[in-house]
Structure formats: C-alpha cells, structure tokens
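>>> what would the 3D arrangement of this be:
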Amino acid sequence: MSHLQPPVGLGQTVGDGFRLDEIIGHGGMGVVVRATHGALGLSVAIKFMRRDACLDPEHVRRFVQEADLLARLATDHVPQVVELSRLPSGEPYLVMELLDGEDLGQRLSESALDPHQAVDIVSQACRGLAEAHRLGIVHRDIKPENLFLTGESGRLVVKLLDFGCSKQPRHRSQSEKGTAAVVTEPGIGLGTAAYMAPEQWRSARDVDARADIWSLGVILYELLADSHPFRADCVGQLMLKIGRGEVTPLAELRPDLPRQLTDLVHRCLEVDPDDRPATVEILLATLQAVTLPNPVEQDRAVRTVVSAGPCRPCRLSSQSTEIAPDTWIPDSRVAALRSAVGPPS
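So this is what the prediction gives:
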C-alpha cells in the first residue's frame with residue numbers, strides 16, 4: 001500500500017548521507033526504515049511520517065513531540081535520538097539508534113515466558129517509565145508491541161517505543177491559567193483498546209501515570225497467564241469487562257505463583273486509579289521484593305498448567321496505535337456501555 005511506503009524511495013539518501021536500505025516496521029503514523037551512513041558505515045533506524053498522516057497538522061505535531069520526548073529522556077530504556085530533520089518537501093523524519101531484537105508481542109507469539117523473565121521485563125519498563133513520569137509524561141500506549149527486547153552486554157534490555165500518543169505538560173500563557181496544561185483535547189480516543197485503562201476510555205486528556213501502571217498490569221498478567229485478563233470478542237464487550245473489572249483471578253490460571261505477585265497484578269488492574277500502586281517506583285519496588293519459585297519447580301508447574309489447554313481467546317488486535325473508527329460501538333449502545341465505566345469527562 002502506497003501510504004505505508006516512506007516518502008523517499010529505498011536506495012536513495014536523506015540528510016547527511018543516510019542511504020535507505022529496507023522497511024523494518026510501521027505504526028499508526030509512521031514507517032521505519034533501516035538506513036546506512038555511506039561514509040561512516042553506521043546503521044540507524046529512520047522513522048518517517050506516513051504520507052496520509054502528513055496531511056494532518058495534529059499528526060505532524062505529535063511526530064515532532066515524540067522526537068523531543070525521546071531526546072529529553074535520560075534513560076537506557078528508550079531509543080537514542082541521532083537527529084530530527086525535514087525532507088526538502090517539508091516532511092519531518094527522525095533518525096534513531098537501530099535496535100537489534102524483537103518486540104514483546106513477537107516474543108509472546110513464539111514462546112511462553114517464565115515468571116523471572118516476565119518480572120524482569122516489566123521491571124525494566126517501570127524504570128523507563130519512571131523517567132518519563134518524572135517529566136510529567138504519560139505514555140498512554142503501553143502494549144507488548146511497544147516494549148522492544150534487545151541485547152546489550154550479554155543481557156536483555158527493554159526499550160520503550162512509540163511516544164506518539166503520549167500526554168505531556170506544557171507551559172500555559174497567562175490567559176490559560178486555571179486550565180488543564182496538557183496537549184490532548186477531551187474525548188480523543190488515543191491508545192490501544194486491549195491495553196487502555198478504564199479512565200482512558202472516558203477521556204485520554206485526564207489520565208495520569210496510573211494509566212500506564214494499568215497497562216503494565218495487563219502485560220504482566222498476559223506474560224504470566226499466557227492469556228489476556230479481559231477476554232472478549234468485540235470492543236463493546238471488552239469495554240464492559242474493563243469497566244467492571246471482570247478479570248479471571250490469576251491464581252486460578254497460575255496457582256504456582258506467589259500470592260504477593262498475583263495480588264500485585266490485580267492491584268494494577270483496579271478500576272479505581274486510587275486503588276493501584278501510586279507510582280511505577282512503588283510497582284518496581286514491590287516486584288523486586290517478590291520471591292519467585294525455583295526455576296526447576298516453576299518449569300514443572302508451567303507444564304502442568306499448559307497441559308490443561310490454551311487460553312488466549314482475546315481476538316482484539318493490539319497493532320493499531322489509535323482506535324480505528326470502525327471499531328467503535330454503535331451510538332445506540334454507547335450510553336449503556338459507558339455506564340460501566342462512568343460518565344465521560
């Protein structure tokens with residue numbers, strides 16, 4: 001499809017001699033290309049805006065915002081920014097470090113993770129988010145596809161991807177005093193349906209860091225149970241279950257896990273943000289305090305659970321960054337379904 005192609009053809013060069021080699025990914029607003037600097041032999045990833053997205057000033061603003069956020073985050077858990085520039089035709093592009101590995105969504109589709117791996121991955125995500133939250137940034141699209149697993153110095157390193165949906169504070173003019181200092185308009189549906197906190201369904205503008213904690217809870221549950229916590233066949237059913245907190249107890253699927261760990265996962269998935277861990281630092285500290293079972297005993301227990309049969313019936317895609325209009329429920333059912341999550345802001 002033409003809109004999934006970069007605005008510059010493969011084999012051509014951009015910027016200071018970066019030759020475009022191959023397309024390695026695409027998302028809601030952009031397409032990512034592996035490129036090589038001819039003189040230096042340096043391989044990088046270049047993220048271009050999709051051609052159709054370039055027509056929307058809001059999408060352009062969010063693309064530039066993501067580059068600014070990545071450059072400001074002093075953490076090893078986000079890709080390093082090399083350059084933000086524009087093509088002669090005006091479209092912005094972002095040059096970043098090239099990551100070698102796979103995203104967590106790919107890893108989940110290939111094999112199950114043991115609890116030690118699951119806790120390590122979510123702990124590293126917490127460390128990256130802690131830096132973002134310190135700057136007042138809420139990611140708002142934490143999902144397996146946005147946690148990239150790479151290897152550095154012989155160990156697994158988790159990188160947070162795609163801050164294009166993030167909420168960030170902004171400076172207010174004197175005339176704006178007393179208004180919300182955020183860049184998102186009320187009621188805009190940003191995020192990925194299966195990983196959005198209940199309050200994010202109501203208003204993406206009003207969420208805080210605890211929405212990211214909710215998303216981490218979904219991921220941790222999924223890593224441990226090999227099943228999404230809110231199993232649904234459509235977005236409407238998903239919305240109801242999320243709003244009501246209808247989660248299959250993790251202990252039923254994984255009775256071998258420590259009670260402290262299963263309780264923590266369910267705390268992250270509380271409908272009321274006040275009932276969740278208040279910060280990712282608290283979530284991280286609690287995760288690190290969990291005593292996990294011996295790997296040999298764990299492996300035996302996992303085989304016992306897996307023998308009971310697969311349990312991943314959640315068929316909702318987690319690929320789209322923004323909720324597509326055709327996934328929304330009919331207007332005639334909105335009021336009834338929203339009653340489960342409260343009135344919109």
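
>>> what about the strands in the stretch 151-300 of the chain?
Per DSSP state E, counting those that start in this stretch, the stretch 151-300 of the chain carries strands over the ranges 155-160.

>>> show me where it has its helices.
All helices of the stretch 151-300 of the chain, identified by DSSP state H, counting those that start in this stretch, fall at 198-202, 209-225, 235-244, 250-253, 259-268, 280-289, 295-306.

>>> can you pull the contacts of Arg127?
Thr75, His77, Leu284 (Cβ atoms under 8 Å, 6 or more residues apart in numbering). The way it works is simple: take the backbone N, C-alpha and C, and place the C-beta from them, glycine included.

>>> any idea whether the residue sitting nearest the centre point of the chain is helix, strand or coil?
The centroid of the chain falls nearest to Ile142 when counting by Cα atoms, centre = their mean (2.0 Å). In three-state terms, and counting by DSSP: H, G, I helix; E, B strand; the rest coil, Ile142 is coil.

>>> how about it: what's its closest non-neighbour residue?
Ser215 (3.7 Å; Cβ to Cβ, 6 or more residues apart in numbering).

>>> number of nearby residues for the one you found?
By other Cβ atoms under 10 Å, the residues close to Ser215 number 27.

>>> low-confidence ranges, the chain, go.
Within the chain, the stretches with pLDDT under 70 are 1-4, 27-28, 152-153, 170-190, 295-345.

>>> nearest residue to the most far-flung residue of the chain relative to its centre in space, please, no chain neighbours.
Within the chain, the residue lying farthest from the chain centre (Cα atoms, centre = their mean) is Ala39, at 35.2 Å. Distance criterion Cβ to Cβ, 6+ apart; nearest residue to Ala39, sequence neighbours excluded, is Gly17 at 5.9 Å.

>>> what separation is there between that neighbour and Val44?
When distance is defined by Cβ to Cβ, to the nearest Å, Gly17 is 11 Å away from Val44.

>>> what touches both of those two?
Common neighbours of Gly17 and Val44 (Cβ under 8 Å, 6+ apart) are His37.

>>> the two: which is more packed in?
Val44 (21 against 13).

>>> okay but the more buried one is in contact with Leu98, surely?
Yes. Judged on Cβ atoms under 8 Å, Val44 makes contact with Leu98 at a distance of 5.3 Å.

>>> what sits in contact with each of these two?
Residues touching both Val44 and Leu98 (Cβ under 8 Å, 6+ apart): Arg34.

>>> picking up where we left off before, which residues does the residue nearest to Ile142 contact?
Each residue near Ser215 by Cβ under 8 Å, 6+ apart is listed here: His139, Asp141, Ile142, Lys143, Tyr195, Met196, Ala197.

>>> most neighbours among these, which one?
Ile142 (30 neighbours).

>>> this protein - how does it break down into domains?
With automatic domain parsing as the criterion, the domains of the chain are listed as 2-97, 101-338.

>>> neighbouring contacts of the helix or strand hosting Thr36?
Under the criterion of DSSP states H and E, Thr36 resides in strand 30-37. Outside strand 30-37, the residues that touch it by Cβ under 8 Å, 6+ apart are 4-6, 10, 14, 16-26, 42-50, 53, 63, 95, 98, 164.

>>> what do you get for stretch 259-272?
Residues contacting stretch 259-272 (Cβ under 8 Å, 6+ apart): 115, 119, 198, 213-214, 216-218, 220-221, 224, 229, 242-245, 247, 249-251, 254, 275-277, 283, 286-287, 289-292, 341.

>>> which positions in stretch 91-105 come out as buried?
91-99, 101, 103-105 (16 or more other Cβ atoms under 10 Å).

>>> kindly report the same for stretch 230-239.
Across stretch 230-239, burial judged by 16+ other Cβ under 10 Å covers Phe230, Arg231, Ala232, Val235, Gly236, Gln237, Leu238, Met239.

>>> mind checking how far Ala53 is from Arg276?
Taking Cβ to Cβ, one finds Ala53 at 33 Å from Arg276.

>>> list the contacts for Leu283?
Taking Cβ under 8 Å, 6+ apart as the test, what Leu283 contacts is Cys126, Ile213, Leu216, Leu264, Cys268, Pro277.
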